[in-house]
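>>> Sequence plus the predicted model coming up.
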Amino acid sequence: MRIQPDPSDPRLTRRVTGIDQTGAPLETAVTVERPLTLYLNGQEIVTMMTILDRPEELALGYLLNQGMLAADAVVDGVDYDEDLGAVIVRTPHATDFEQKLRKKTLTSGCAQGTAFGDLMEGFAAVRLNPAARLRTSDLYRLLHNLNAMPTLYLAAGAIHGCALARGDDPFCVMEDVGRHNAVDKIAGWMFRHSIAADDCALYTTGRLTSEMVIKTVRMGVPILLSRSGFTAWGVELAREANLTLVGRCKGKRFVALAGEQRIVFDADLAYVAEESAKHWRKNSHADDVEGALDGRSEGARDGRSGGAQDDRTEGPRDDRTGGARDE
């Protein structure tokens with residue numbers, strides 16, 4: 001089974017007109033986001049902004065990653081009503097979501113999402129597969145395969161992506177306006193299809209924050225990859241959980257700050273190509289050359305207390321040129 005984005009889906013993009021930096025008229029594609037309200041057993045839980053391509057998977061993954069639905073829970077049904085913009089998840093037994101709703105934590109996501117309950121609930125009990133391996137030859141081919149894949153990001157921008165991969169094969173790829181939506185979709189898809197991921201890697205275009213590390217550990221994935229950078233708590237939690245944490249994955253470069261023992265250095269860098277300029281994101285290439293290892297914080301680079309700008313949020317610079325694209 002393979003899941004990947006469908007940038008040709010007319011529901012996901014819209015053509016709009018405007019002008020460029022010279023005042024010349026242009027037409028470009030923009031991503032369409034819509035509200036989705038999630039209900040669990042008739043109780044309204046949250047309203048999310050999403051591209052609405054996989055509302056059922058998003059709903060299940062959100063509940064799983066918030067600890068409001070157990071990994072072994074029985075789900076009677078997941079019903080999506082497009083007209084109402086609502087998805088309803090039904091279980092045969094009551095959950096503890098009321099208690100979770102009373103414990104809210106503002107996350108560091110680009111949309112300032114809200115996490116419910118105890119973020120660390122069950123975290124220490126997870127045992128990630130120590131035998132999992134990340135071969136550098138697989139990593140470089142995986143990055144190439146992801147860049148070569150048709151995506152909504154390349155079509156319109158303003159999007160994040162996550163991929164579940166075995167070796168160099170990204171067999172489940174999800175996109176959304178927020179990186180947490182994208183990873184929640186993968187979690188929901190895994191739940192619906194009883195997919196075990198103890199031999200897989202999770203790739204994200206977003207930062208390696210504490211929330212992303214916690215979700216990856218909850219999903220039982222032993223390796224987390226990103227083209228972006230790290231936060232200190234994300235690194236600390238990854239080390240505590242024995243999660244292999246690899247950031248700044250671009251071309252032949254990467255930095256590993258946790259779980260390095262899983263990495264097998266079997267690639268000949270002389271035969272690994274640098275990332276094509278059309279896949280560069282804002283400041284990302286310069287950061288590799290100037291500051292990937294110098295200890296500067298993400299927040300120091302862009303002056304925001306919340307950290308670095310998210311990767312892949314702006315999209316094509318000019319729809320008419322095919323040139324380099326922003327993050």
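Arrived safely.
>>> Chain neighbours aside, what residue packs nearest to Ser137?
If you skip the residues right next to it in sequence, Ser137 has Ala267 as its closest partner in space, 4.2 Å away by C-beta to C-beta, 6 or more residues apart in numbering. Where C-beta positions appear, they are placed from N, C-alpha and C, glycine not excepted.
>>> Neighbours of that neighbour, how many?
16 (other C-beta atoms under 10 Å).
>>> likewise Arg34?
Using other C-beta under 10 Å: Arg34 sits among 14 other residues.
>>> so it bridges to which residues?
Beta-bridge pairing for Arg34 (DSSP bridges): Thr50.
>>> right, and it touches Pro55 too?
No - Arg34 lies out of contact with Pro55 (C-beta atoms under 8 Å); the separation is 9.6 Å.
>>> Domains in this protein, by residue range?
34-116, 134-302 (automatic domain parsing).
>>> Of all those domains, which one is nearest Pro25?
In terms of C-beta to C-beta, the element of these nearest to Pro25 is domain 134-302, at 18.5 Å.
>>> how far does the closest one sit from the chain's center?
The chain centre lies 8 Å from the centre of domain 134-302; the measure is C-alpha atoms, centre = their mean, to the nearest Å.
>>> now stretch 59-66: mean pLDDT?
Per-region confidence: stretch 59-66 scores 96 on mean pLDDT.
>>> Need the CA coordinates for that stretch. PDB is fine.
Extracted in PDB, the C-alpha atoms of stretch 59-66 (Å, rounded to 0.1, in the frame of the first residue of the first chain):
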ATOM      1  CA  ALA A  59      -9.000  13.000  13.300                       C
ATOM      2  CA  LEU A  60      -7.700   9.600  14.400                       C
ATOM      3  CA  GLY A  61      -4.100  10.700  14.500                       C
ATOM      4  CA  TYR A  62      -4.900  13.800  16.400                       C
ATOM      5  CA  LEU A  63      -6.700  11.800  19.100                       C
ATOM      6  CA  LEU A  64      -4.000   9.200  19.200                       C
ATOM      7  CA  ASN A  65      -1.200  11.700  19.500                       C
ATOM      8  CA  GLN A  66      -3.000  13.700  22.200                       C
END
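>>> what's it in contact with?
36, 38, 40, 45-46, 48, 69, 71, 75, 78, 80, 87, 89, 100, 115-117, 180, 183-189, 191-192, 215, 218-219 (C-beta atoms under 8 Å, 6 or more residues apart in numbering).
>>> Quick one, which of the residues you listed are buried?
With burial judged by 16 or more other C-beta atoms under 10 Å, the buried subset of the contacts of stretch 59-66 is 36, 38, 40, 45-46, 48, 69, 78, 80, 87, 89, 100, 115-117, 180, 183-189, 191, 215, 218-219.
>>> now, which of the residues you listed lie within helices?
Cross-referencing the buried ones among the contacts of stretch 59-66 against helices under DSSP state H gives 100, 180, 183-189, 191, 215, 218.
>>> Dump those residues to JSON lines, plus pLDDT.
Listed next are those as JSON lines, based on pLDDT from 0 to 100:
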{"residue": "Lys100", "pLDDT": "60"}
{"residue": "His180", "pLDDT": "95"}
{"residue": "Val183", "pLDDT": "98"}
{"residue": "Asp184", "pLDDT": "98"}
{"residue": "Lys185", "pLDDT": "98"}
{"residue": "Ile186", "pLDDT": "99"}
{"residue": "Ala187", "pLDDT": "98"}
{"residue": "Gly188", "pLDDT": "98"}
{"residue": "Trp189", "pLDDT": "98"}
{"residue": "Phe191", "pLDDT": "98"}
{"residue": "Lys215", "pLDDT": "96"}
{"residue": "Arg218", "pLDDT": "95"}
